[in-house]
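1. Below are the sequence and a predicted model for it; my questions follow.
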Amino acid sequence: MGDTVTAGTVARYVGGGLVLVGTVGIGALEMALGASHPVSGEGQIEHGTLVPLEVRSYVILAGLLVWGAYAAYTTLTGTTGTADSGQGVGTRRAE
Amino acid sequence: MAASDTVSSVETQLLGREVSFAVSQPWLAYWLVVMRLVSGWWLLHAGLDKLASWPFDASWFVGGAAAGTSLGPFLTLFSDGLGLAITNVAVPVGQVLIGLGLVFGAFTRAAAFFGALLMTFFYFVNGETGGWAHGLVTGELLGLLIYGMIATLGAGRVLGVDAYLARTELIGSSPRLRRLVG
């Protein structure tokens, strides 16, 4: 239980944190201080990004890997990870 | 209480703060099914389309587009020979199976996981080869997040085959198999 809670907490905060930093966090930084999007077309003024796009995509990829690793961990160990026992939302005819 | 009035109270902790909010049960069930059907059809259609115009050749993606991207070192392993032959079959068949799993709510969590995996490939390869010209939040990333939500919430239990599968002895007695259904 303790391991599951710890792993779940890490997955939520580290995985979600990296995805949010890569999308929203760096995105907001670029809007404010860098380039809202890379412009490199012919005849256009080129704007460099503060954080290389490659780095940004690696940050997001790392977050997704954390989520994926947690999904694999809970499946292989047979732990539910969350309060999910097959109860709750179910299919039954309304009274 | 009428079904349309029922609400569930979610009470948990997030970022060290107590979080409590009410969720309309009918609307929660409704959106789970809608998301499952639409996102399931997305991949089911993609897979059927490839099978309908067989043969399918993924070499342009795993060998061409993927090369030089962050996933290139992995994807290019399947760019020729046996790897490519397997990929040419696995992609359309996998898309059909994922789509069917989501549409019918069968082994929903497994289907959603592999749907998210496919979206990861599409997201990074399409995004990086396109220079992220439309930003880093794309349809593929949103699809990936929807599959993650479907897997997390176990959407297959709502009007899905998983509601039956979860009650079978085989699935019910195995925590690992239980994780694969919604």
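-> Ah, there it is.
2. Only C-alpha atoms from now on, for both contacts and neighbour counts.
-> Fine.
3. What's the local residue count around the residue lying closest to A:Tyr70 once chain neighbours are set aside?
-> In space, and not counting its chain neighbours, A:Tyr70 is closest to A:Ala11: 6.2 Å by Cα to Cα, 6 or more residues apart in numbering or on different chains. Neighbour count of A:Ala11, defined by other Cα atoms under 10 Å in any protein chain shown: 21.
4. residue contacts, B:Val161?
-> Going by Cα atoms under 8 Å, 6 or more residues apart in numbering or on different chains, B:Val161 touches B:104-107.
5. which residues does the residue nearest to A:Tyr70 contact?
-> By Cα under 8 Å, 6+ apart, the contact set of A:Ala11 is A:66-67, A:70.
6. Stretch B:53-67: how far from the chain's middle?
-> Here stretch B:53-67 is found 21 Å from its chain centre; the criterion is Cα atoms, centre = their mean, to the nearest Å.
7. Tell me the buried residues in it?
-> B:56, B:58-59, B:61-63, B:65-67 (16 or more other Cα atoms under 10 Å in any protein chain shown).
8. returning to that earlier point: could I get the contacts of B:Val161 in CSV, plus columns for pLDDT?
-> As requested, those are exported to CSV (pLDDT from 0 to 100):
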residue, pLDDT
B:Phe104, 94
B:Gly105, 93
B:Ala106, 93
B:Phe107, 93
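9. Mind checking which of the residues you listed are buried?
-> Counted by 16+ other Cα under 10 Å, the contacts of B:Val161 give B:104-107 as buried.
10. if we take those, which one ends up nearest to chain A?
-> Ranked by distance to chain A (Cα to the nearest Cα), the buried ones among the contacts of B:Val161 are led by B:Gly105 at 11.8 Å.
11. Briefly note if the helix or strand of chain B with the lowest mean pLDDT comes near chain A.
-> Every helix and strand of chain B was ranked by mean pLDDT, DSSP states H and E. The lowest is helix B:175-180, at a mean of 81. Yes. Judged by Cα under 8 Å from any Cα of the partner chain, helix B:175-180 and chain A are in contact via B:175-180.
12. Give the full set of residues in contact with the residue of chain A found nearest chain B.
-> Chain A approaches chain B most closely through A:Gly78 (4.2 Å), counting by Cα to the nearest Cα. Going by Cα under 8 Å, 6+ apart, A:Gly78 touches B:174-179.
13. Can you tell me which of these are classed as buried?
-> Burial by neighbour count, 16+ other Cα under 10 Å: within these this picks out B:175-179.
14. Can you give me the buried ones in the biggest helix by length in chain A?
-> Ranked by residue count, the top helix of chain A under DSSP state H comes out as helix A:53-77. Neighbour-count burial for helix A:53-77, counted by 16+ other Cα under 10 Å, picks out A:53, A:56-68, A:70-71, A:73-75.
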